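In: build me a model from this:
(one chain, ligands or ions: 1)
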Amino acid sequence: MIKKAIIPAAGLGTRFLPATKTVPKEMLTIVDAPIIFYVVEEAVKAGIEDIVLIQGRGKTAIEDFFDLSYELEDKLAKDGKTHLLERLTKIRSMANIISVRQKQPLGLGHAVLCGQSVIGKSPFAVLLGDEIMVSRDGGPNVTEQLSKKFDDVQASVVAVMKVRDEDVSKYGIADVEEKSDSLFKVKGFVEKPKLADAPSRWALPGRYVFSSDIFEELKNTKSGVLGEIQLTDSMNMLAKKQNFYASTFTSDRHDAGDKFGYLKANVELSLRNLELKNEMKNYIQELALRLQQGEFK
Ligand code: G1P
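Out: Residues are numbered from 1 along each chain as shown. Here you go, the predicted structure:
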């Protein structure tokens, strides 16, 4: 079982300016909790106990969210707001949250490397802090699915999803070899290739389980695309040396660091929220009608 995870959350969130000028993108709200809560929740449901949050300057709100807020909890207790108090207590007790500062924004690969001293020799998961995965049928989440596959193959295994031609250059792309059920053997990876150079349409959605050997590769990875130390380049190097797998998954994925992805995640999760779903369904039906009638041109 994978017990440790790294959640990189140090990015500047430029796709979400001006909101992210003062609020970390991982703290933007989906229904009634920040994006990062859903990512940590996924890790915890997958059996992960120690979570290393990689943060940059101006991101202390993230660690405060998982910390005790004494005055607030005291007030809720005195006011008899037990339900809210229980929710807050649960959040701060979900996992051991270890916060590590990435001092310079040198890239995703560098962010993951910042977690090495906490992870040590254990295999570990990486969950990108702005991607939200929503299981459709309440089945195992993506990290759980990867963790299980890691147990089966005893080698690094990362999630992949098929993307359209026009989206290939936004993602890390896997060069896959053979397929059995949902598992591919991987020959290599390319970060954000041009369509003509892409080895496949199998893209990395931001969920990974690695053997700790990835750290050696990360140490030797030079800056790549966008001048950043790319995790994908280190994965490529590791895949050339040892077995490396990619797995498809069952879940909806929302890139909540992107405006449209963020809005979709809010709509979908409110449709799954007991308090909100009826009102939301009615509202969507009403909107659909107004659209049909020609409004919002
Ligand atoms: C990062 C990774 C990329 C991956 C993507 C998923 O890119 O470098 O390989 O496909 O996340 O969202 P970013 O979105 O940070 O540019």
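In: please name the bridge partners of the closest residue to R101 other than its chain neighbours.
Out: Sequence neighbours aside, Q55 is the residue nearest to R101 in space, at 5.9 Å (criterion: C-beta to C-beta, 6 or more residues apart in numbering). (Glycine included, C-beta is placed from N, CA and C.) With DSSP bridges as the criterion, Q55 is bridged to A9, R101.
In: how many other residues sit next to Q55?
Out: 24 (other C-beta atoms under 10 Å).
In: who touches it in this structure?
Out: 9-10, 62-63, 99-102 (C-beta atoms under 8 Å, 6 or more residues apart in numbering).
In: could you dump these into CSV and include pLDDT, distance to the ligand and neighbour count?
Out: Shown next, in CSV, are the contacts of Q55 (pLDDT from 0 to 100; distance: C-beta to the nearest ligand atom, whole Å; neighbours: other C-beta atoms under 10 Å):
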residue, pLDDT, distance to the ligand, neighbour count
A9, 92, 11, 27
A10, 86, 11, 29
I62, 93, 17, 24
E63, 91, 21, 15
S99, 94, 20, 18
V100, 95, 18, 17
R101, 94, 19, 13
Q102, 94, 14, 22
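In: for stretch 203-214, which residues meet the burial criterion?
Out: Neighbour-count burial for stretch 203-214 flags 203-211, 213-214 (criterion: 16 or more other C-beta atoms under 10 Å).
In: now stretch 173-183
Out: 173-176, 183.
In: can you tell me the closest non-neighbouring residue to the closest residue to the ligand within the stretch 1-150 of the chain?
Out: Of all residues in the stretch 1-150 of the chain, L108 sits closest to the ligand, at 4.9 Å by C-beta to the nearest ligand atom. In this structure, L108 finds its nearest non-sequential neighbour in L231, 4.5 Å apart by C-beta to C-beta, 6+ apart.
In: what comes into contact with the lengthiest helix in the chain?
Out: Longest helix in the chain, counting residues (DSSP state H): helix 277-292. Contact partners of helix 277-292, identified using C-beta under 8 Å, 6+ apart, comprise 267, 270-271, 273, 296.
In: kindly report the same for stretch 251-265.
Out: 11, 13, 15-16, 25, 28, 30, 35, 130-136, 141-142, 145, 161, 205-206, 268.
In: rounded mean pLDDT for that stretch, please.
Out: If you average the pLDDT over stretch 251-265, you get 92.
In: ok, now stretch 83-97?
Out: Mean predicted lDDT for stretch 83-97 stands at 94.
In: run a quick neighbour tally on Q292.
Out: Q292 has 8 nearby residues by other C-beta under 10 Å.
In: who in the stretch 101-250 of the chain is up against the ligand?
Out: Within the stretch 101-250 of the chain, the positions near the ligand by C-beta under 6 Å from any ligand atom are 108, 128, 131, 171-172, 191, 203-206, 230-232.
In: how about 8 Å then?
Out: Contact residues (C-beta under 8 Å from any ligand atom) of the stretch 101-250 of the chain with the ligand: 108, 128, 130-131, 170-173, 189, 191-192, 203-206, 226, 230-232.
In: what's the PyMOL line that selects buried ones from those residues?
Out: Filtering these down to the buried ones (16+ other C-beta under 10 Å) takes a single PyMOL command:
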select buried, resi 108+128+130+131+171+172+173+189+191+192+203+204+205+206+230+231+232
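In: what's near enough to touch K59?
Out: Listed by C-beta under 8 Å, 6+ apart, the contact set of K59 reads 9-10, 24, 26.
In: correction: the previous question concerned F124.
Out: 2, 4-6, 115, 209-210, 212.
In: just the ones of the residues you listed in strands?
Out: 4-6, 209-210 (DSSP state E).
In: which parts of the chain are helices?
Out: Remark: helices assigned in the chain by DSSP H are 35-45, 60-65, 70-78, 82-92, 108-113, 116-119, 142-153, 214-219, 231-239, 259-271, 277-292.
In: who touches the shortest one?
Out: So that's helix 116-119. 4, 6, 50, 52, 98, 100, 212, 215, 218.
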